[in-house]
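**Q** from the sequence below, what's the structure:
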Amino acid sequence: MPKKRRAKSNDDSDEKPRRKKSRAPLGGSFGRWLLRAVLLAAIWGGIFVAGFVGYCALDLPDIHQVTQAKKRPSITLEADDGTVFARFGDLYGDHMTLDDVPKYVPEAIIAIEDRRFYHHFGIDPFGILRAGIRNVFAGHLVQGGSTLTQQLAKNLFLSPDRTAKRKSQGMILAVELEHNYTKDQILTAYMNRVYLGSGAYGVDAAAHTYFGKSAHDVNLREAAILAGLLRAPSKFSPLHDPALAMERAKTVLQAMVEADSITDHERRAAIANAPAPAHKPGPAGDGKYFADWVADQIEPFVEDTSQDIVVKTTLNLNLERMAERHVDAVLAKQNGHDVSQGALITLANDGAVKAMVGGRNYTESQFNRATQAKRQPGSAFKPIVYLAAIEQGLQPDDIIADAPITLGHWSPENFDGRYRGNVTAREALAESINTVAVRVFQKAGAAKVIETARALGITSDLERDPALALGASEVTPLELTGAYASLAADGRAVTPYAIKEISNRQGQVLFRHADVTLPVVVSASAVEILTGMMEEVVRTGTGKRAALGERAVAGKTGTSSDYRDAWFLGFTGDYTTGVWLGNDDDTPMRKITGGSLPALLWHDFMIEAETGLPERPLLAGSSGSVGEDVSKSLSDFISGILDGK
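**A** Here you go, the predicted model:
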């Protein structure tokens, strides 16, 4: 019988026993994996950060140019009384050290912008953390974490772009600045280079701009206002909103108390000594349209455009503010007449622009409707037509038929649809009768009408068409107001101008407007006749709403087809003022004629503008007109001889 095999036990086996693998707890394996992942992420993160920093550092500027920052030349505009009302470019004052200004000037800056300035290395981690926590709890950005050094680096060397690269470069430059310069040097550079609004860079330029004094002489309240500008120069400007600027200054003063820079008693004293808020300009803003217009004219008068210049202008700030206020009031209370824009220009008898409103709100639209918008003048062009005919013999009492007239395919109609039969030329202009104006145009001839318009300063294209009699060719409000000013000057060539003098910062005069006798371009006697007819427009005609009581006024209304444009232009012995109302998209207004809102606006503005001025007859500036007519005739005679006539 075969023997049974005995099963081998593990002990009897010739094979080596297998070791049983022990399994580590699950948590330990995950912990090692997580540690390796964190280390790997840190390594790659470090590589990425180093690479990004290297990339950002490739085009970093040279920080040693910190005192050599370039600037645009500044243009400072002064009104006719010497008041500064606008600036363009970059205005820098004298370089100020920390010893040159009261100690509360740098203290105010540090207290509100970077209280840990003397305790960080250019970047403030605690400040960043604090700002982050405040922003999270507020739900929006209420505080930034950048230091003064970072702000200096950004302002001097970097673009304002909100990109990761720009922010990283700002940090790198801040650290480098701190490594190469002392804290006082950095603070001094910041104080002299920071932008503080209205074109002013640095505390000295800002002190001159806002307070008319050197930064050396500012008081504690003024220092707080300057420091308050750092957050938003335009918003907290004491020129634009004095009350808001003072509220911001109170925040700065409180921050100075918390930083132990001043006592609470000093804070209360600074607030108590604050003057009442000054005038806050209206929507257009103290001549901003005028300022832009002037800035565009400067270059031909200045050879070296790299220097800072001061431009003395003709603007009368009182009249300008009146004009802005009245234009805004009329447009705000137009009671559903669908009129959204307006323009107003006032000229002195020599053509000096005293007020210019180019639109309802400069902030919303910088398009200057006074100088850039070409619109149909309607019947406001008729005085030029009548003047051309008067120079050829038309008299105010001449009888002209108000009856239907057809010229080719065109049959002009009167505004009211009625015909009056025979009327005098004076009545026809006063009532703005279209059919008579067309007949007067035919009597004078298109060539003569256009020649007269050119002589009075109209430069826009004029169609040689009978419709020109009714103002079908477009002109700018400035052109037409200038033409009326030439009438107010007895037919002299009045050219609107704004610049009286240009000088550099050293006081050297670069240009000065020459006071010259204006040449006579149309007959003074013809202008005198026309002026009498235009007075009738205001006394009994379509311009009655523009009457100024006993003060003599000559003017004319104008309304283009479908109520798209409405005008009133007129002059007294002191000023010539033109008003236009309409819409930018040329849509019709609701029944607005030149004799309605424009005449009322003209009246309201002019009655205030003339307050306190003695009553003067029209054409009072025409001394020597007869002699000048003789001179013109002699000139024409000599020209005829030279031309072989």
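**Q** from here on, just use CA atoms for contacts and neighbour counts.
**A** OK.
**Q** ok, Pro588 - contacts?
**A** By C-alpha atoms under 8 Å, 6 or more residues apart in numbering, the contact set of Pro588 is 338, 562-565, 582.
**Q** could you check how far it is from Phe568?
**A** For Pro588, the distance to Phe568 (C-alpha to C-alpha, to the nearest Å) stands at 17 Å.
**Q** residues contacting Pro102?
**A** 216-219.
**Q** of those, which pair is most distant in space?
**A** His216 and Asn219 (9.0 Å; C-alpha to C-alpha).
**Q** which one's more surrounded, these two?
**A** His216 (16 against 13; other C-alpha atoms under 10 Å).
**Q** roughly how far apart are that one and Gly507?
**A** For His216, the distance to Gly507 - C-alpha to C-alpha - is 22 Å.
**Q** swap in Tyr563?
**A** For Tyr563, the distance to Gly507 - C-alpha to C-alpha - is 51 Å.
**Q** what does Lys354 give?
**A** Distance from Lys354 to Gly507, by C-alpha to C-alpha: 24 Å.
**Q** who has more neighbours out of those two?
**A** Lys354 (26 against 10).
**Q** the more buried one in helix, strand or coil?
**A** strand (DSSP: H, G, I helix; E, B strand; the rest coil).
**Q** grab the nearest non-local neighbour of it.
**A** Residue nearest to Lys354 in three dimensions, not counting chain neighbours: Leu315, with 4.4 Å by C-alpha to C-alpha, 6 or more residues apart in numbering.
**Q** report the buried residues of stretch 539-547.
**A** Using 16 or more other C-alpha atoms under 10 Å as the test for burial, stretch 539-547 gives 539, 541-547.
**Q** distance between the ends of that stretch?
**A** Stretch 539-547: ends 7 Å apart by C-alpha to C-alpha.
**Q** hmm, who's touching that stretch?
**A** Counting by C-alpha under 8 Å, 6+ apart, 430-432, 537-538, 553, 555-557, 568, 594-596, 599-600, 602-603 sit against stretch 539-547.
**Q** name the element Leu510 belongs to?
**A** Taking DSSP states H and E as the definition, Leu510 sits inside strand 509-512.
**Q** what pairs with that strand, parallel or antiparallel?
**A** strand 499-504 (antiparallel) (DSSP bridges).
**Q** and the strand it pairs with, C-alpha only, in PDB?
**A** Once non-C-alpha atoms are left out, strand 499-504 reads as follows in PDB (Å, rounded to 0.1, in the frame of the first residue of the first chain):
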ATOM      1  CA  ILE A 499      -6.100 136.200 -25.900                       C
ATOM      2  CA  LYS A 500      -4.800 139.500 -24.500                       C
ATOM      3  CA  GLU A 501      -1.300 138.500 -23.600                       C
ATOM      4  CA  ILE A 502       1.000 135.400 -23.300                       C
ATOM      5  CA  SER A 503       4.000 135.400 -21.100                       C
ATOM      6  CA  ASN A 504       6.400 132.700 -19.800                       C
END
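**Q** flag every buried residue along it.
**A** Neighbour-count burial for strand 499-504 [16+ other C-alpha under 10 Å]: 499-504.
**Q** show me which of the residues you listed is closest to Ile186.
**A** For the buried residues of strand 499-504, the closest approach to Ile186 (C-alpha to C-alpha) belongs to Asn504, at 30.6 Å.
**Q** residues in contact with that closest one?
**A** 307-310, 510.
**Q** those residues in strands, which ones?
**A** Among the contacts of Asn504, the members falling in strands are 309-310, 510 (criterion: DSSP state E).
**Q** as CSV, the residues you listed with distance to Val521 would be great.
**A** Formatted as CSV, those follow (distance: C-alpha to C-alpha, whole Å):
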residue, distance to Val521
Ile309, 35
Val310, 34
Leu510, 30
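**Q** in a markdown table: those residues, plus neighbour count.
**A** Below are these laid out as a markdown table (neighbours: other C-alpha atoms under 10 Å):
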| residue | neighbour count |
| --- | --- |
| Ile309 | 25 |
| Val310 | 21 |
| Leu510 | 16 |
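**Q** right, and Tyr195 touches Tyr201 too?
**A** Yes - using C-alpha atoms under 8 Å, Tyr195 is in contact with Tyr201, at 4.5 Å.
**Q** tell me which helix or strand of the chain sits lowest on mean pLDDT?
**A** helix 625-642 (a mean of 36; mean pLDDT, DSSP states H and E).
**Q** tell me which stretches of this structure form strands.
**A** Using DSSP E, strands in the chain cover 75-78, 84-88, 91-92, 200-201, 309-313, 341-348, 353-357, 399-402, 421-424, 499-504, 509-512, 554-559, 565-571, 575-582.
**Q** Ala446 is nearest to which of the ones you listed?
**A** Per C-alpha to C-alpha, nearest to Ala446 of the strands of the chain: strand 399-402, 18.6 Å.
**Q** for that closest one, give the mean pLDDT please.
**A** Mean pLDDT, strand 399-402: 96.
**Q** please shift the residue numbers so they start at 5 in all later answers.
**A** Got it, first residue is 5 now, which makes that one strand 403-406.
**Q** that one pairs with which strands?
**A** Counting by DSSP bridges, strand 403-406 is paired with strand 425-428 (antiparallel).
**Q** about what we covered before: export the contacts of Asn508 to TSV and append columns for distance to Lys107 and pLDDT.
**A** As requested, the contacts of Asn508 are arranged in TSV below (distance: C-alpha to C-alpha, whole Å; pLDDT from 0 to 100):
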residue	distance to Lys107	pLDDT
Gln311	32	82
Asp312	30	85
Ile313	32	91
Val314	31	93
Leu514	39	93
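**Q** tell me which of the residues you listed is nearest to Ser150?
**A** Asp312 (32.3 Å).
**Q** what's that closest one sitting at in phi/psi?
**A** Main-chain dihedrals, Asp312, degrees, to the nearest 10: phi -70, psi 140.
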